[in-house]
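>>> Build me a model:
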Amino acid sequence: MITLRLSTDDVSRIRFAFSPVWETVTSIRALSNSTASSVHGPWLRKVRPLLAGYDLSLLKALIPPVSYIPDFITPAPPRRSTSFESGLAAVAATPLPLVVAELKKLHAETPHPMLPELIAKPAEAVERITSALEEYWHLAIEPDWRRMRALLQDDLAFRLEELASGGVERVFRNLHPSVNFRGDRIEIDRPYCCDGEPLPGQGLLLVPCVFAWPAALPVTAAPHVPTITYPPRGLGRLWEYQEDASESPLGDLVGKTRAAIVGHLDLPMSTTHLAHQLGVSAPTLSVHLSILRASGVVDSRRDGRAVLYYRTSLGDHLLSASRPAALASA
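Numbering: from 1, shown residues only. Okay, the predicted model is just below:
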């Protein structure tokens, strides 16, 4: 059992964020632990051929299938949403004594022949680690990042609504089965204890992470910001192919382009993202979205500077109602 004690100030400073660097790091573990029949099976089947000629030995030495991962390679995002480049810059800026300490801890728990060399030359180690993460990111994560980001944004919108309507207790009620909020502490049902205590007054960071599934992963040791990473809601939708509803009764009713829009909005998307997916111009798409929104089939919400469109319950109903007829005519 892991126990994370919270002061009143810590509770008031609970915040959410997501990170492409966290996804990159935890996906290495998914490569080792997931199977073709798991929730990440479609992703595995796609990326394993891409990685066939890529040397993963350094990253797998740093990120073993179980147990400790050095916390410096998963830096706390300073804002709700950050770029991969800024996260990688935070990794590169890690003080070298901290790099050495965490690599030594890793080697003590999960020995690997590559680790002593990294420990002996920490500056070179950081360069090698950031370079390996960057190359892997471009191969395995970046092609799907827009879709992953949409799922993570959707989770954050839900959590923030829970926080606004029911407070902190409501947020933790359905965050993850292993995480329990006890007022002055959080208990995480994991088969090990905290190694080190966080600095006081840093609050708590909650990070939805696609590749954390199925566990909740804590960061508790100083000087890092106390963090709990958890699988986002709706993870099962992530690797599903968007439904082509253009050739369906719904397409006959509202037009092929609008039906395709409804079919693609299983996750929230911006106009730019959706236009890229459908191969239509943004101005044309905006006209269709306005009509669908006025009809109650889609709706939108603002996320920072972006406006994200999503399918409403009416849109879900129209889409599902058109499936049997479409299948019968096939």
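
>>> Alpha carbons of the helix or strand where residue 4 lies, as CSV, please.
Using DSSP states H and E, residue 4 sits in strand 2-5. The C-alpha coordinates for strand 2-5 follow below in CSV (Å, rounded to 0.1, in the frame of the first residue of the first chain):
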residue,chain,number,x,y,z
ILE,A,2,1.3,3.5,-0.9
THR,A,3,0.1,6.3,1.3
LEU,A,4,0.4,9.9,0.1
ARG,A,5,-0.3,12.4,2.9
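
>>> change the start of the numbering to 12 and stick with it
New numbering, starting at 12: the last item is strand 13-16.

>>> Which residues in whatever helix or strand comes next after that strand does the neighbour count mark as buried?
Sequence-wise, the next helix or strand downstream of strand 13-16 (DSSP H and E) is helix 19-23. Buried residues in helix 19-23, counting neighbours by 16 or more other Cβ atoms under 10 Å, are found at 21-22. In short, each C-beta sits where N, CA and C put it, glycine included.

>>> Just checking the distance from helix 19-23 to the centre of its chain.
How far helix 19-23 lies from its chain's middle: 25 Å, per Cα atoms, centre = their mean, to the nearest Å.

>>> so what's residue 74 closest to, chain neighbours aside?
In this structure, residue 74 finds its nearest non-sequential neighbour in residue 39, 4.2 Å apart by Cβ to Cβ, 6 or more residues apart in numbering.

>>> so how far is residue 58 from that neighbour?
Going from residue 39 to residue 58 by Cβ to Cβ, to the nearest Å gives 11 Å.

>>> Dump stretch 67-83 to PDB, restricted to CA.
Extracted in PDB, the C-alpha atoms of stretch 67-83 (Å, rounded to 0.1, in the frame of the first residue of the first chain):
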ATOM      1  CA  LEU A  67      15.200  -0.600 -28.000                       C
ATOM      2  CA  SER A  68      17.900  -1.900 -25.600                       C
ATOM      3  CA  LEU A  69      18.600   1.500 -24.000                       C
ATOM      4  CA  LEU A  70      14.900   2.300 -23.400                       C
ATOM      5  CA  LYS A  71      14.100  -1.200 -22.200                       C
ATOM      6  CA  ALA A  72      17.000  -0.900 -19.700                       C
ATOM      7  CA  LEU A  73      15.500   2.300 -18.400                       C
ATOM      8  CA  ILE A  74      11.900   1.100 -18.500                       C
ATOM      9  CA  PRO A  75      11.700  -2.500 -17.200                       C
ATOM     10  CA  PRO A  76       8.400  -4.500 -17.600                       C
ATOM     11  CA  VAL A  77       7.700  -4.100 -13.900                       C
ATOM     12  CA  SER A  78       8.900  -2.100 -10.900                       C
ATOM     13  CA  TYR A  79      10.700   1.300 -10.700                       C
ATOM     14  CA  ILE A  80      11.100   3.700 -13.600                       C
ATOM     15  CA  PRO A  81      13.500   6.600 -13.100                       C
ATOM     16  CA  ASP A  82      11.200   9.600 -12.300                       C
ATOM     17  CA  PHE A  83      13.400  12.100 -14.200                       C
END
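
>>> tell me the mean pLDDT for that stretch?
The average of the pLDDT scores along stretch 67-83 is 93.
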